[in-house]
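Undergrad: Predicted model follows, preceded by the sequence.
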Amino acid sequence: MDRELKAGLLWGGGILLLALAASQGRKLDWLDGDMVTRLVIGANGVMIAWYGNRMPKAFLPDACARQMARVGGWSMALSGIVYAGFWAFAPIPVAVVGGCIAVGAGMAVTIGYGLSLRARLRARR
């Protein structure tokens, strides 16, 4: 089985186990509902940051593809950290909006850079 597939399955399984454990903690009155939400959604932000960190490390034969992976990796890693931070510390309504803006900004930077890189490559030809 491919390493990336295994890592994805481990992340998915880990988040499911976290959700189940947090739900059980809620039933036992160890955690309140907000904490359960923060734990599970915050884990999603950590996963985004982890995958963003992995992007530039993937082997890519073309220099432009490596450059794109570096920018995309940094933007997604940082947006994932900000997303997780919102869910860890901000009030939930702020975390929803701020987290979505953070991930959206990371995606916008990645897509915008990719489009500008493509335009530069086309202009050279």
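TA: Cool, the structure landed.

Undergrad: Find the nearest non-adjacent residue to the residue nearest to the spatial centre of the chain, please.
TA: Nearest to the mean C-alpha position of the chain, counting by C-alpha atoms, centre = their mean, stands residue 48 at 1.4 Å. Residue nearest to residue 48 in three dimensions, not counting chain neighbours: residue 80, with 3.2 Å by C-beta to C-beta, 6 or more residues apart in numbering. From N, CA and C alone the C-beta is placed, and that goes for glycine too.

Undergrad: Tell me how many other residues crowd the one you found.
TA: 24 (other C-beta atoms under 10 Å).

Undergrad: Go ahead and confirm it touches residue 55.
TA: No: using C-beta atoms under 8 Å, residue 80 is not in contact with residue 55, being 11.2 Å away.

Undergrad: Go through the longest helix along the chain and flag the buried ones.
TA: Ranked by residue count under DSSP state H, the longest helix found in the chain is helix 92-124. By 16 or more other C-beta atoms under 10 Å, the buried positions in helix 92-124 come out as 95, 98-99, 102-103, 106, 109-110, 113.

Undergrad: what about it, distance to the chain center?
TA: Taking C-alpha atoms, centre = their mean, to the nearest Å, the mean C-alpha location of helix 92-124 is offset from the chain mean by 13 Å.

Undergrad: what comes up buried for the helix or strand in which the residue nearest to residue 48 is found?
TA: Using DSSP states H and E, residue 80 sits in helix 63-89. Across helix 63-89, burial judged by 16+ other C-beta under 10 Å covers 68-69, 71-87.

Undergrad: and the residue nearest to residue 44 when sequence neighbours are not counted, how many neighbours does it have?
TA: Of all residues not flanking residue 44 in the chain, residue 15 sits nearest, at 7.0 Å (C-beta to C-beta, 6+ apart). Applying other C-beta under 10 Å, we find 17 residues neighbouring residue 15.

Undergrad: Would you agree residue 15 is in contact with residue 47?
TA: Yes: contact criterion C-beta under 8 Å: residue 15 and residue 47 qualify, at 7.0 Å.

Undergrad: Many thanks, we can stop here.
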